[in-house]
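[1] A predicted structure for the sequence below; I have some questions about it.
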Amino acid sequence: METKERKGAVLFSKYTRGEAIKKAISKTREDVLYELRESKLKGRGGAGFPTATKWMIVAAASSDEKYIICNADEGEPGTFKDRVLLLEYPQLVFDGMVVGGYTIGAKYGIVYLRGEYEYMKKSLEDYLEAMRKDNLLGNDILGKKGFNFDITIRMGSGAYVCGEETALIESLEGNRGEARNRPPFPVNTGFMGKPTTVNNVETLAAISHITIKGGEWFRKHGTDKSTGSKLFSVSGDCEKPGVYELPWGTKISELLELVGAKNTKAVQVGGASGTCIPKSQFDRTLAYEDAATGGSIMIFNESRNMLHVLKNFMEFFVEESCGQCTPCRIGNVKLLEGVEMIEKGEYTFAYMNQLKDLGDTMQVASKCGLGQSSPNSFISILENFKEEIFNGNGGHNGK
Amino acid sequence: MLVLEKNAMTEEIELLVVKFGKSRSSLLPILQDIQRSHKHIPDFAQQEVARLLDIHPVEVYSVISFYSFLNSNAKGRNIVRLCQTITCDMAGKENVAKAIERELGIKFGETTKDNKFTLEYVNCLGMCDQGPALLINERVFPKVTPEKAVQILSEVK
């Protein structure tokens, strides 16, 4: 498989394997953390929690064992940047984990790879084996006395919710992947009850660059609140789908231009759990403070039926809800039924408004990010495309 | 299950427990290995895993029922999964699905009579830039067309 990549100035800049590890172990842990804090790097999975804060808490915790987990359970519809990073730039990800091990004082790193990506497992394991041979993993790494660290790969088994960090930890512990109550947060009570940091594949890759080039260099890219660059997984109606590295703060219209999208009606930013942005708002920027995303950009042109798109998303959430908490388990089913009612033309506006209220309730009452974000597309598509959905085609909707 | 089969299964699971370690966190890797070699996790295997890890069989079943890539009912030798997420859908998933159904004579969710194929839908395979995507066992096939999909299936043993 050939992936189209647009190489930007940050993540896809030049990097040689082991560079970041060498640099990190020549400094103190505090200095590595300092650079990370200066970079203002935020988690690339989508939630945008400051990575330095996460690492500092784990580094400060006193425990005989700590863990660093790489969240490679990339399940959000429309996201495939981690696939490209792991297949073509594993050095960035693994070196980032070793730097993390050094900084927070962890001996073990775990990569939680989604079951769908099993075809990568062999090559990643070979890569880790080569790192062990070159003493980039193992005991006294690169001659640094007492710095022992190793990485294992664990597979997921096709559950989207396991991308949520506490569900991921449950899964690693051999349980159903059901999210935990937070607090306690994984930084205090994570894998096996020990302090654990869970970081996205792309976050770790960014850390390798920050360790070498410094936080100030990283901050030069992007905006004030969203520093650095982001990998965007672009798919849907465009000439050049693929992975694009762009600085945060790029306008949606600029991105559409770049990927050769024509007659675009809507852009789904952030996957099924993200928001649907109509043409009138294409001057919005991609950034944590505006249209936030873990990287998924799906483009829909004028020929697409937005109700069909919404139905696809709601079917996804009904299937992937873990069923643990009521707002998510029942709420998503109700929202899907609502979409089907519109499809058949058997709806009332009063009920649709009730469903929007239900969506608001799910956003506050669900236990984890899945249920909190699943009504986003329902609310944004019905709001932004009400003309098409309720009045279009003479009110006959999908038919 | 025949006694001989049962003994072989017990032996297999004992080896897996040694390989991954006797702890609850080994449960998923052990189940994944059984799933890979048998295409499902039979009741007897669930009981044996529970016995050897010293947990209740219901715990094992609850984990299997949670994950969509683990199953306790027998399936075909090859599991064919077609991505149903929106970008693959827009790229022509429906036509691929119909072609496969016609060719194998079964619907999605079913297994062929000769036990060779099970057809399933799957959520996003992470191949959105190259859809429609097909996952056969562990291998992924991007940009399939109806014709190509049937061709790929004919080459599967």
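    On my side now, so go ahead.

[2] got a list of contacts for stretch B:15-29?
    A:154-155, A:157, A:171-175, A:192, B:30, B:33-34, B:49, B:52-55, B:60, B:63, B:67 (Cβ atoms under 8 Å, 6 or more residues apart in numbering or on different chains). Using the backbone N, CA and C atoms, a C-beta is placed for each residue, glycine as well.

[3] report the buried residues of that stretch.
    Buried residues in stretch B:15-29, counted by 16 or more other Cβ atoms under 10 Å in any protein chain shown: B:L16, B:V17, B:F20, B:S25, B:S26, B:L27, B:L28, B:P29.

[4] could you single out the nearest of those to chain A?
    B:L27 (3.4 Å; Cβ to the nearest Cβ).

[5] so what's the spatially closest residue to B:M90 that is not a sequence neighbour bridging to?
    The shortest distance from B:M90 to any residue other than its chain neighbours is 6.4 Å, reached at A:G236 (Cβ to Cβ, 6 or more residues apart in numbering or on different chains). A:G236 has these beta-bridge partners by DSSP bridges: A:I299.

[6] A:M298 is in contact with A:G236, correct?
    Yes: the pair A:G236 / A:M298 is scored as a contact, 4.5 Å apart, by Cβ atoms under 8 Å.

[7] neighbour count for the two, which is higher?
    A:M298 (30 against 26; other Cβ atoms under 10 Å in any protein chain shown).

[8] next one: the more buried one from B:I34, what distance?
    A:M298 sits at a distance of 36 Å from B:I34 (criterion: Cβ to Cβ, to the nearest Å).

[9] quick one on the thing from earlier: need the overlap of contacts for A:G236 and A:M298.
    Going by Cβ under 8 Å, 6+ apart, residues that sit against A:G236 and also against A:M298 are A:G78, A:Q268, B:I86, B:T87, B:C128.

[10] just put these in a markdown table and tack on neighbour count, distance to A:A261 and pLDDT.
    What follows is the shared contacts of A:G236 and A:M298, written out as a markdown table (neighbours: other Cβ atoms under 10 Å in any protein chain shown; distance: Cβ to Cβ, whole Å; pLDDT from 0 to 100):
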| residue | neighbour count | distance to A:A261 | pLDDT |
| --- | --- | --- | --- |
| A:G78 | 29 | 14 | 96 |
| A:Q268 | 31 | 13 | 97 |
| B:I86 | 30 | 16 | 96 |
| B:T87 | 30 | 13 | 96 |
| B:C128 | 31 | 14 | 95 |
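
[11] now flag whichever of these is closest to A:P90.
    B:C128 (21.2 Å; Cβ to Cβ).

[12] hmm, A:G78 and the closest one touching each other?
    Yes: assessed by Cβ under 8 Å, B:C128 is found in contact with A:G78 at 5.2 Å.

[13] anything in contact with each of these two?
    Counting by Cβ under 8 Å, 6+ apart, the residues touching both B:C128 and A:G78 are A:S233, A:S235, A:G236, A:M298, B:T85, B:T87.

[14] what two of these are the furthest from one another?
    A:S233 and B:T85 (12.3 Å).

[15] overlap in contacts of these two?
    A:G78, B:C128.

[16] what does chain B put close to chain A?
    B:23-29, B:31-32, B:62-63, B:66-70, B:84-87, B:89-90, B:122-131, B:135, B:138-140, B:142 (Cβ under 8 Å from any Cβ of the partner chain).

[17] among these, name the ones in helices.
    Of the residues of chain B next to chain A, the ones assigned to helices by DSSP state H are B:L27, B:L28, B:P29, B:L31, B:Q32, B:S62, B:V63, B:F66, B:I86, B:T87, B:D89, B:M90.

[18] wait, the fourth one sits on B:V60?
    Yes: counting by Cβ under 8 Å, B:L31 touches B:V60, with 7.5 Å between them.

[19] need the overlap of contacts for the two.
    With Cβ under 8 Å, 6+ apart, B:L31 and B:V60 have common neighbours B:V49.

[20] domain parsing of chain B, as residue ranges.
    With automatic domain parsing as the criterion, the domains of chain B are listed as B:3-66, B:78-156.

[21] highest mean neighbour count out of those domains?
    domain B:78-156 (a mean of 19; mean count of other Cβ atoms under 10 Å in any protein chain shown).

[22] longest helix in chain A, please.
    From DSSP H, the single longest helix across chain A is helix A:326-344.

[23] report the buried residues of that one.
    A:327-328, A:331-332, A:334-336, A:338-343.

[24] strands of chain B, start to end?
    B:78-83, B:117-122, B:134-136, B:139-141 (DSSP state E).

[25] and for the stretch 201-350 of chain A?
    A:229-236, A:242-247, A:250-251, A:264-269, A:275-278, A:285-286, A:296-301 (DSSP state E, counting those that start in this stretch).

[26] just name the most buried of these.
    strand A:229-236 (a mean of 28).

[27] can you list the residues of the stretch 251-399 of chain A near chain B?
    So the stretch 251-399 of chain A meets chain B at A:A272, A:M298, A:F300, A:R304, A:V309, A:N312, A:F313, A:E315, A:F316, A:E319, A:E320, A:C322 (Cβ under 8 Å from any Cβ).

[28] what about the first one, how many neighbours?
    Residues lying near A:A272 (other Cβ under 10 Å) number 29.

[29] of the buried residues of helix A:326-344, which is the nearest to A:M131?
    A:C328 (39.7 Å).

[30] how close does the closest one get to A:C322?
    From A:C328 over to A:C322 (counting by Cβ to Cβ), the distance is 8 Å.

[31] what is in contact with the two at once?
    Contacts common to A:C328 and A:C322, judged by Cβ under 8 Å, 6+ apart, are A:L370.

[32] OK, contacts around the nearest residue to B:N115 once chain neighbours are set aside?
    Of all residues not flanking B:N115 in the chain, B:G76 sits nearest, at 5.2 Å (Cβ to Cβ, 6+ apart). Residues counted as contacts of B:G76 (Cβ under 8 Å, 6+ apart) are B:K39, B:T111, B:T112, B:N115, B:K116, B:F117, B:T118.

[33] now pLDDT too, for those residues, in TSV please.
    Below are those laid out as TSV (pLDDT from 0 to 100):
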residue	pLDDT
B:K39	92
B:T111	96
B:T112	96
B:N115	94
B:K116	96
B:F117	96
B:T118	96
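
[34] of the residues you listed, closest to A:I389?
    Distances from A:I389 to these, taken as Cβ to Cβ, are shortest for B:T118 (36.3 Å).

[35] list just the nearest of the buried residues of stretch B:15-29 to A:L286.
    Using Cβ to Cβ, those come closest to A:L286 at B:L28, 35.5 Å.

[36] can you tell me how far the closest one sits from A:G115?
    Counting by Cβ to Cβ - B:L28 and A:G115 are separated by 10 Å.

[37] ok, now A:G295?
    Counting by Cβ to Cβ - A:G295 and A:G115 are separated by 20 Å.

[38] would you mind listing what in the stretch 1-150 of chain A touches chain B?
    For the stretch 1-150 of chain A, the residues in contact with chain B (Cβ under 8 Å from any Cβ) are A:1, A:3-4, A:74-80, A:82-83, A:114-119.
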